[in-house]
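>>> Sequence and predicted structure, then a few things I'm wondering about:
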Amino acid sequence: MTHIKVIIPAYNEAESIVNVINDIPTTVDEVIVVSNNSTDDTGVNAKKAGATVLNEVNKGYGYACLKGMDYITNQEKKPDIIVFLDGDYSDYPEELTKIVSPIINDDIDFVIGARVKRLREQGSMTGPQIFGNWLATTLMTLFFRAKFTDLGPFRAIKYDKLLALNMEDKTYGWTVEMQLKVLKQKFTYVEIPVNYRNRIGVSKVSGTVKGAIFAGIKILGWIFKYSIKK
């Protein structure tokens with residue numbers, strides 16, 4: 001039996017977090033919601049929905065993900081697969097089954113849920129998001145011959161491979177850091193097309209000019225850092 005744990009970084013997602021948790025397949029062993037210093041009822045609602053709730057006071061996507069990983073590290077029984085999923089209900093949590101399938105059935109190390117245009121609800125990704133994804137994945141193709149088309153947050157990875165990546169980014173660069181390190185360590189990977197809808201609430205990154213700029217700087221910084229290391 002494959003053991004799966006889900007880590008959900010969440011900042012002020014009280015309106016959506018219960019929907020996310022309720023739609024996660026019951027084959028998952030544990031859902032871990034990391035409230036990233038939320039000021040609403042994100043933690044309370046997540047706990048009522050059956051999730052393990054952690055609090056990370058340092059704001060940042062990477063901080064929250066690392067908090068979830070640290071929690072798992074201290075558990076006696078380790079999972080086989082870790083799935084990362086956002087708490088805004090833009091992804092379809094029930095698609096977790098097809099995200100983990102290549103790992104379980106084909107021994108793939110890492111899977112990205114790719115938000116392909118034909119499966120995206122209109123308006124679910126902003127112009128800066130679409131351009132940023134295109135630029136980042138194009139640069140990864142040029143520098144590393146990568147086959148990524150997206151930096152989608154809905155992703156699954158073997159637990160031992162995740163540890164081997166030695167993840168360190170605390171904020172917006174988390175997703176691209178993971179993909180670059182997967183390439184560097186020559187892990188196997190695939191993308192699986194996923195549905196994507198308009199999120200509940202306002203985006204903390206792409207919904208603000210400041211967030212979009214900082215995310216862009218972080219993402220490009222990681223790519224150029226690794227291109228120099230080649």
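Everything's here; your move.

>>> Please list all residues in contact with the residue nearest to Arg197 when sequence neighbours are not counted.
Computed as Cβ to Cβ, 6 or more residues apart in numbering, the closest residue to Arg197 that is not its neighbour in sequence is Glu121, at 4.3 Å. The C-beta positions use only the backbone N, C-alpha and C, and glycine is treated the same way. Contact analysis of Glu121 by Cβ atoms under 8 Å, 6 or more residues apart in numbering lists 195-198.

>>> And Ile4, by the same measure?
Going by Cβ under 8 Å, 6+ apart, Ile4 touches 27-29, 79-83, 96, 100, 156.

>>> Is Asp160 inside a helix or a strand, and which specific one?
helix 159-164 (DSSP states H and E).

>>> Can you tell me which helices and strands the following helix or strand past that helix packs against?
Using DSSP H and E, the helix or strand that follows helix 159-164 in sequence is helix 174-184. Under the contact criterion of 3 or more Cβ pairs under 8 Å, 6 or more residues apart in numbering; DSSP states H and E, helix 174-184 touches helix 61-73, strand 110-114, helix 127-144, strand 155-158, helix 209-229.

>>> sorry, back to before: among the contacts of Glu121, name the buried ones.
Buried members of the contacts of Glu121, scored by 16 or more other Cβ atoms under 10 Å, are 195-197.

>>> Could you dump those residues into JSON lines with distance to Thr126 added?
Conversion of the buried ones among the contacts of Glu121 to JSON lines gives the following (distance: Cβ to Cβ, whole Å):
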{"residue": "Asn195", "distance to Thr126": "18"}
{"residue": "Tyr196", "distance to Thr126": "12"}
{"residue": "Arg197", "distance to Thr126": "14"}
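
>>> Not counting sequence-adjacent ones, nearest residue to the residue nearest the centre of the chain?
Nearest to the geometric centre of the chain sits Pro153, at 3.0 Å (Cα atoms, centre = their mean). Ranked by Cβ to Cβ, 6+ apart and with sequence neighbours excluded, the top spatial neighbour of Pro153 is Asp86, at 4.8 Å.
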